[in-house]
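Undergrad: okay, predicted coordinates and the sequence, questions at the end:
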Amino acid sequence: MMILFFSRAAPILTPDPSLFTQLKTKRKSISRFRANFPSASRCVSQRQRDSCRRRALPMSAGAENQPIEDSFMTPRESSLVWLFVGELQVMAARWACVACLSLLAVVSGDPCLIISEINADNPRLDTTEFVELYHTGGQRASLDGYTLVFYNGNGNVAYKVLDLKGHSTDDRGFFLVGSVDMLPKPAILLPPNTVQNGPDAIVLYHTSASRYGEKMNVTSLGMVDAVVYMTRRTGGAEFLAETLTPGEPAFVEDEAALEGDESIERCLLSEDRWGFQVSSPSPGQRNNCTPPAGQAPIPVITELKLGAGQVDGFVELTEAPAAGPLVLVVLDGRTDRVSVSVDVNVDTSSNGLISMTIEKTYMKGDESGAVAVYGGRASDFPAGSQLSQIQPLDAFVFAGPGNKPSANLTETLIPGREPYQLSHSLREGGFYLSRCGVATWARDPGVFWEAPQTPAQPNQCPWPKICPHSNVTPGGTDSPSHLPPWGNSDFLINELNTDTPGAAEDGEYIELWHPSGRRVSLQGVWILLFSAHNNRPYREISLSGHFTTSKGYFLLGSDRLVPAPSLRLPPNTIQNGPDAVALYRSPYGPPSAAQRGIPTVGLLDAVVYRQRGSDKEAQELSKALTPGQLPLLEDPEVLAGDEALSRCRGLYPFDLSAFSVAPTTPLRENSCPRPPPAPEGVVISEVASGHWTNHSQQRAFVELHGPPATDLRGLVLSVFDQERSGTVIALPLTGSVDQDGFYIVGNVTGADQTFLEGSVFPARGAVVLCYDLFSVCRAGTALTNSSLRDVLVFSENQQLLSSLSAARGRQVLPAARSVEDGPVSLSRCSCCEVRSPSSWTSSSPTPRGTNLCPSAAFSSHIDLCLGPLSSDWQEPSADCGGLIQGRKVAEVADYLEQRCHCGISALSLQGANFSCVSGWLRVRGDIRALSDHQQALITQTSRVGPSSAEGDACSAPTMDRYTSTASALGLQIGLVVAVLLLLALGAALFTYFYRRRRPQDYCTMELSEHAEGLSDL
């Protein structure tokens, strides 16, 4: 036993500060402290902690009852604790409690309950379905207060709710819910085929069970853990994923991944990031969390051994025949120079793994360094040469005790990752490190754990016991509302600062943004930095494993940048130009490995930029990445301080006109220049969608009309889609109205501005002309009267109509029958009624010409008697003049259009007279048409007229009665009441006559006579 004491006269010493710095700054240290290892790693006993407390030493909250053995550590952290004990014994006992209790404060953490495994789809009959919960404490735990809810992706409602009150996990922390026929027997039994195959979700809540019930809508209120899953055949789990696991797509259970049955198992990806993979079912057992098998397109390092100059180093990597010749390079972490390079001999492969031995002087566990795999030969990386700027295929960077590698080495080889922090105490034989995280990305030391060496065999990895979620959505606020997709649904380059004042260049950055405006995973996304001098990338950066902020931003930049970037780059990394930044989605490796030259496969967005006088030097980059556009100039003379290229005028990729020179705003809304004053008198004049008819000449376009030569800058044309419930086109206008007063946007001949490639004009939706900052107009919601200039809604969707709250009136829909065998458009026929559907009618398209409107030349006589058009139309009044104003005329037009489907609008009734007699509306006069074809359809519809007996009184009409829903309902109620009254009257009459006709019996007559006698007396 070691006795701890303090001397009052002696000063209290402080442990090595670098040790605590390493513990606090490395996220991987926090997670690995909780791995389940032997209790020999105890730092201090209860008696020692009591001794510390008696001496009034502060102890972190929650640490005083938490022994080290309860905070599951890897051997690396275990050795770190033993180092503390050794230093306590050698140096002094005076600071022993400080060191150990500080370590306790770092490693302590509360265990949690997680969804560990799901088997929702069995071969043939679903009789072995199950859901496995696991408590990360690895011991029995009560499940009181927890609720397990099963959601159906078809409708996003709950189909099964299980209150776990009264249950507990087993002694190892497992709890099973499953079919009656499965083994081991579940604690809660389910009938066969209960757990649906997908697209569905299973959610664990920790709050009052009364909140949840079957048929309820999906919610994240009180959520502890969630799994959203689907199959390749189903899909359709997007809404569940956005609500329950924002930023993470639904997991796809591949039925062909394994022979026989398979399950969805939770496994650690890297450091403290969790994920799922398909593996063999293991109910009530530790998950089979092994790195994915199969031949990868690039080699990855699977095992390492680091010695102290006493034993040889060891590196194991996977085969990758398609990668060509390979070389293993060992680098010195102090000098950033090559220590040794060795050609990879694929002939030594066994079970798809290549083992290599490195001379013991080059891979020391007590120093910092790196191991990298490159394509090429050893002669390309001679010993003593500087660190190459060529990006490796895989790399591992490690930090020895108090010996941190340079930022240049770290950010070049493993950008955005932290070096693997080795402990202070070397074991005999060195450190054995194995790839245990199941992440598919390379160049991440976070996937390595200390584990036994297994050359040419699958790695033997510990099962970590850390919580996948750091917080729980508390009661009181629900999940954020679903955000609609924008014009482009993938990542965009949002802001770029390549040249900062001064020689340090330590304020450079690249800001990405996802148009959903929420937390999104960057899995499979790459950033390539191109040089115009050789048209090749000088740096390739994988963003896998990273996420955007809650507002959709992601920042990578210099390590001194404020706010701190998620991925740090050495100063002066981003070249000033002429160069380019390109964004790719490449899930299977670097984009440059899949395509020679300048890659275009998987390209999401790109910005080509230059310095003054260097635009011609970037022609090849411009041609490949942003064809037909000149490189951008980040002009340092525009602003007094630092400046950036900010996206201000568009959400379309590869569109350099969307950028402006503006103040730097990393991780904030771009500070874009205010647009010029709003142009007056510009309205939407004609709209057509390519989906309205099948005619070969049906094209999508929007025609604007306004004063000639009007500058349209500051106006944004947005198109909303009814099906997507959001914006599909948001186009800042750049030109001017022509001399005839027209400006055409769309895919028609002679258009002033075209819809960008890939844009789809919807069949049902709305067109909005907006004036304001692009960030306001692109959303299209909460538009004020000052920002909304004009709108046309061609949709029955009430949600869309209500979202455009500044729009007046109702919608107008195109009628294909209004035109004989030709394309159809919606045309404005009233110059001054802005934002009113009564100004529009269906017609033949006339881009850059006078709109076709209903004309008296194609009129036909109409004589109709109609019942009340709405419930608020009261009994007749002497003056019905109000009926020809507002929506009453529109209702008559709607009634006629329902019968005709030929494009009748309120404009067609301009020649009709309205009169009101005895509660009936008399419509008589001329109804106008667009052409002979539409006139014939209208005549056929309104051929019937009132009889001569009815005359003008229209008192007993034989015409159709048009009643609103409220009027029809009132009529039905009145009829029911009348029938009930008649039945009651009939019953009363029947009873009366029945009693009168029924003769009285003899006894009754005799009693009546006696009564009469008594009465006489």
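TA: Everything's here; your move.
Undergrad: where does the stretch 201-350 of the chain have low pLDDT?
TA: Along the stretch 201-350 of the chain, segments meeting pLDDT under 70 span 232-235, 291-296, 308-309.
Undergrad: and the strands in it?
TA: Using DSSP state E, counting those that start in this stretch, the strands found in the stretch 201-350 of the chain span residues 223-231, 251-253, 263-270, 273-279, 301-306, 313-318, 326-332, 338-343.
Undergrad: of those strands, which is nearest residue 814?
TA: Among the strands of the stretch 201-350 of the chain, strand 223-231 comes nearest to residue 814, with 36.3 Å by Cβ to Cβ. To be clear about C-beta, it is placed using only N, CA and C from the backbone, and glycine gets the same treatment.
Undergrad: how far does that closest one sit from the chain's center?
TA: Taking Cα atoms, centre = their mean, to the nearest Å, one finds strand 223-231 lying 15 Å from the centre of the chain it belongs to.
Undergrad: turn the strands of the stretch 201-350 of the chain into CSV, columns for distance to residue 982.
TA: CSV is the format used below for the strands of the stretch 201-350 of the chain (distance: least, Cβ to Cβ, whole Å):
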stretch, distance to residue 982
strand 223-231, 59
strand 251-253, 65
strand 263-270, 66
strand 273-279, 69
strand 301-306, 90
strand 313-318, 89
strand 326-332, 97
strand 338-343, 104
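Undergrad: quote the end-to-end distance of stretch 512-523.
TA: Taking Cα to Cα, to the nearest Å, the first and last residues of stretch 512-523 lie 14 Å apart.
Undergrad: what are the contacting residues of that stretch?
TA: 242, 246-249, 441, 480, 483, 485-494, 543-556, 583, 587, 647, 651 (Cβ atoms under 8 Å, 6 or more residues apart in numbering).
Undergrad: picking up where we left off before, now tabulate the strands of the stretch 201-350 of the chain in TSV and tack on mean neighbour count and distance to residue 596.
TA: As requested, the strands of the stretch 201-350 of the chain are exported to TSV (neighbours: other Cβ atoms under 10 Å; distance: least, Cβ to Cβ, whole Å):
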stretch	mean neighbour count	distance to residue 596
strand 223-231	23	36
strand 251-253	21	31
strand 263-270	24	31
strand 273-279	20	33
strand 301-306	24	26
strand 313-318	23	24
strand 326-332	23	19
strand 338-343	19	23
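Undergrad: just the contacts of stretch 512-523: which are in helices?
TA: Judged by DSSP state H, the subset of the contacts of stretch 512-523 located in helices is residue 242.
Undergrad: filter the contacts of stretch 512-523 down to the buried ones and hand me the PyMOL line.
TA: Here is the PyMOL selection string for the buried members of these, based on 16 or more other Cβ atoms under 10 Å:
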select buried, resi 242+246+247+248+441+483+486+487+488+491+492+493+494+543+544+545+546+547+548+549+552+553+554+555+556+583+647+651
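Undergrad: hmm, back to that, among the strands of the stretch 201-350 of the chain, which is nearest residue 393?
TA: strand 326-332 (7.5 Å).
Undergrad: the helices in the stretch 351-500 of the chain, which residues?
TA: For the stretch 351-500 of the chain, the helices defined by DSSP state H, counting those that start in this stretch cover 407-413.
Undergrad: low-confidence ranges, it, go.
TA: Using pLDDT under 70, the stretch 351-500 of the chain drops low at 424-429, 465, 469-489.
Undergrad: that one: strands as residue ranges?
TA: Using DSSP E, counting those that start in this stretch, strands in the stretch 351-500 of the chain cover 353-358, 369-375, 394-399, 420-421, 431-435, 448-450, 492-497.
Undergrad: outside of the third one, which residues touch it?
TA: Just to be clear, that refers to strand 394-399. With Cβ under 8 Å, 6+ apart, strand 394-399 has contacts from 22, 298-301, 304, 306, 317, 333, 365, 368-373, 405, 409-410, 413-414, 417, 419-422, 442-443, 445, 448.
Undergrad: just after the helix or strand of the chain with the lowest mean pLDDT, pick out the following helix or strand.
TA: Least confident helix or strand of the chain, by mean pLDDT, DSSP states H and E, is helix 96-107 with a mean of 32. Moving toward the C-terminus from helix 96-107, the next helix or strand (DSSP states H and E) is strand 113-119.
Undergrad: and the average pLDDT for whichever helix or strand comes after that following strand is what?
TA: Next along the chain after strand 113-119, taking DSSP H and E as the criterion, comes strand 130-135. The average pLDDT within strand 130-135 is 94.
Undergrad: which helices and strands sit right next to strand 130-135?
TA: Applying 3 or more Cβ pairs under 8 Å, 6 or more residues apart in numbering; DSSP states H and E, we find strand 130-135 packed against strand 113-119, strand 174-179.
Undergrad: what pairs with whichever helix or strand comes after the last one, parallel or antiparallel?
TA: Translated: strand 174-179. Counting by DSSP H and E, the next helix or strand C-terminal to strand 174-179 is strand 188-190. Neighbouring strands of strand 188-190 in its sheet, by DSSP bridges, are strand 174-179 (parallel).
Undergrad: next one: the partner strand to chain centre, how far?
TA: With Cα atoms, centre = their mean as the basis, strand 174-179 stands 31 Å off its chain's centre.
Undergrad: stretch 672-683 now?
TA: 32 Å.
Undergrad: what residues sit buried inside that stretch?
TA: Buried, per 16+ other Cβ under 10 Å, within stretch 672-683: 672, 675, 679, 682-683.
Undergrad: between those residues, which is nearest residue 821?
TA: Of the buried residues of stretch 672-683, the one sitting nearest to residue 821 (Cβ to Cβ) turns out to be residue 683, at 30.0 Å.
Undergrad: what sits closest to residue 493 if chain neighbours are left out?
TA: residue 605 (4.8 Å; Cβ to Cβ, 6 or more residues apart in numbering).
Undergrad: so what strands line up beside the helix or strand containing that neighbour?
TA: Residue 605 is part of strand 603-610 when elements are defined by DSSP H and E. Here strand 603-610 has these sheet partners by DSSP bridges: strand 579-585 (antiparallel), strand 632-633 (parallel).
Undergrad: what's the helix or strand following that strand in contact with?
TA: Next along the chain after strand 603-610, taking DSSP H and E as the criterion, comes helix 619-625. Under the contact criterion Cβ under 8 Å, 6+ apart, helix 619-625 has outside partners 530, 532, 535, 578-580, 582, 597-598, 600, 603, 606, 608, 629-631, 654.
Undergrad: any of those residues buried? List them.
TA: Buried among those by 16+ other Cβ under 10 Å: 530, 532, 535, 578-580, 582, 598, 603, 606, 608, 631, 654.
Undergrad: longest helix in this structure, please.
TA: helix 965-997.
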